[in-house]
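Student: sequence-free structure coming up:
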């Protein structure tokens, strides 16, 4: 195999493999992500846990470090993790299952490219669950380069219970996922 060291563009990875979170609350964080993702531990000990929900050996690793300071919400760094579902019905099924065990979203919004729900883990990290609103990458990219998205890259908030009611009443997913235009909205409107 020939190695191409051309500086034109770095070779992109195949996919993102995992995320590692440091925590002073390893048991609570492990329990949360197992429940939240329907995950299991591929390995778990007193100081670390490797969790997965699919064919990857681990998607989230947790490192228990006693005495860590609490997360500072208004600081630089990672904003959130995001997990995708195939359909709006699947996203809402997972919402109802989480709600049944007391895990509720802190924010629900239709970004345009995705319909998304945000949660908070025991350490205060934000976790997004989403479904794509367009059938193709080209359609999503076209929306993201539109004047409407430039005006409002944040989204239009929704009530999950109202969305479920629409699904149960037979409103097509494509119609529900179409974002309404509410005018300008920027990052200052984020709930955190």
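Tutor: Okay, I see it. Just so it is clear, the structure is predicted and the values come from calculations on it, not from any experiment.

Student: Can you pull out the low-pLDDT segments for this structure?
Tutor: Scanning the chain for pLDDT under 70 picks out no residues.

Student: I'd like the distance from stretch 185-192 to the chain centre, please.
Tutor: Centroid separation between stretch 185-192 and its chain, computed with CA atoms, centre = their mean, to the nearest Å, is 17 Å.

Student: Could you list the buried residues of it?
Tutor: residue 185 (16 or more other CB atoms under 10 Å). Bear in mind the C-beta positions are built from the backbone N, C-alpha and C, glycine included.

Student: mind listing the strands for the protein?
Tutor: Assigned by DSSP state E, the strands in the chain fall at 19-23, 40-44, 48-52, 60-64, 80-85, 107-110, 114-120, 126-132, 156-157.

Student: Adjacent strands (with direction) for the first one?
Tutor: To tie it back to what came earlier, the one meant is strand 19-23. strand 60-64 (parallel) (DSSP bridges).

Student: again, but for the second one
Tutor: Strand 40-44 sits in its sheet next to strand 48-52 (antiparallel), going by DSSP bridges.

Student: mind listing what's buried in the strand it pairs with?
Tutor: 49-52.

Student: wait, which of those residues is closest to residue 32?
Tutor: Set against residue 32, the nearest of the buried residues of strand 48-52 by CB to CB is residue 51 (10.1 Å).

Student: what sits against that closest one?
Tutor: By CB atoms under 8 Å, 6 or more residues apart in numbering, the residues touching residue 51 are 30, 33-34, 37, 39-42, 44, 58-62.

Student: quick one: which of these is most hemmed in?
Tutor: residue 62 (26 neighbours; other CB atoms under 10 Å).

Student: Quick check: that residue touching residue 24?
Tutor: No: taking CB atoms under 8 Å as the definition, residue 62 is not a contact partner of residue 24, at 10.9 Å.

Student: what sits against residue 110?
Tutor: Counted by CB under 8 Å, 6+ apart, residue 110 has contacts 116, 133, 155-158, 177, 179-180.

Student: ok, of those, which come out buried?
Tutor: Applying 16+ other CB under 10 Å to the contacts of residue 110 flags 116, 133, 155, 158, 177, 179 as buried.

Student: Return the residues in contact with the fourth one.
Tutor: Remark: with contacts taken as CB under 8 Å, 6+ apart, residue 158 is in contact with 108-110, 115.

Student: And the second one, by the same measure?
Tutor: Contacts here follow CB under 8 Å, 6+ apart; on that basis residue 133 touches 110, 112-115, 140, 143, 177-179.

Student: mind redoing it with 10 Å?
Tutor: Going by CB atoms under 10 Å, 6 or more residues apart in numbering, residue 133 touches 88, 110-116, 139-140, 143, 173-174, 176-179.

Student: any idea how far the residue nearest to residue 154 when sequence neighbours are not counted lies from residue 134?
Tutor: Nearest residue to residue 154, sequence neighbours excluded (CB to CB, 6 or more residues apart in numbering): residue 185, at 4.6 Å. Using CB to CB, to the nearest Å, residue 185 is found at 20 Å from residue 134.

Student: That'll do, ta.
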